[in-house]
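J.: Quick one, what's the 3D model for this:
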Amino acid sequence: MEGLPQTDKDRFINRMMVEARLALSQVIDAVNAAPDGQWISASEKPVRDVMDELRRKTYEKAVQLRVDSKESTFSPSEGSVRPGVVPSGSQDKP
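T.: Below is the predicted model:
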């Protein structure tokens, strides 16, 4: 199987920056909302959920960008003509 093209790191990071900032904001909101004496117990689950969602979105975006880069190099007509078949729109008419 032919290897997929590499995805540009800066492109990926730039696309995820908004998601990362939002997640970090939610983390500090959860910690700040926790009552005194319960900072860990009251914020641990919400923070874990936020980070799990960021992890999922990050991986999903990385894979999607890699697939998109492969699709951008794909030529649907490349190699699709069978021997003896004239492609439609061709100047050579039988």
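
J.: elements contacting the helix or strand hosting Arg55?
T.: Element membership for Arg55 (DSSP states H and E) is helix 39-72. Packing partners of helix 39-72 (3 or more Cβ pairs under 8 Å, 6 or more residues apart in numbering; DSSP states H and E): helix 9-33. Every C-beta, even on glycine, is put in place using the N, C-alpha and C of the backbone.

J.: Give me the contact list for the helix it packs on.
T.: Residues from elsewhere that reach helix 9-33, judged by Cβ atoms under 8 Å, 6 or more residues apart in numbering: 39, 42-43, 46-47, 50-51, 53-54, 57-58, 61-62, 65.

J.: avg pLDDT for stretch 5-22?
T.: Here stretch 5-22 scores 91 as its mean pLDDT.

J.: Next, the buried residues of it.
T.: By neighbour count on 16 or more other Cβ atoms under 10 Å, the buried set for stretch 5-22 is Thr7, Phe12, Met16.

J.: measure the nearest residue to Arg66 once chain neighbours are set aside to Met51 for me?
T.: Once flanking residues are discounted, Arg66 sits nearest to Thr7: 5.0 Å by Cβ to Cβ, 6 or more residues apart in numbering. Applying Cβ to Cβ, to the nearest Å, the value for Thr7 to Met51 is 23 Å.

J.: now swap in Arg15 and tell me
T.: From Arg15 to Met51 the distance is 18 Å (Cβ to Cβ).

J.: Run the angle between the lowest-mean-pLDDT helix or strand in the chain and helix 9-33 for me.
T.: Least confident helix or strand, the chain: helix 39-72 with a mean of 93, by mean pLDDT, DSSP states H and E. Helix 39-72 runs at 160 degrees relative to helix 9-33, counting by axes from the mean of the first three to the mean of the last three Cα atoms, to 10 degrees.

J.: Would you mark the buried spots in helix 39-72?
T.: Residues of helix 39-72 classed as buried by neighbour count (16+ other Cβ under 10 Å): Ser43, Pro46, Val47, Val50, Leu54, Thr58, Leu65.
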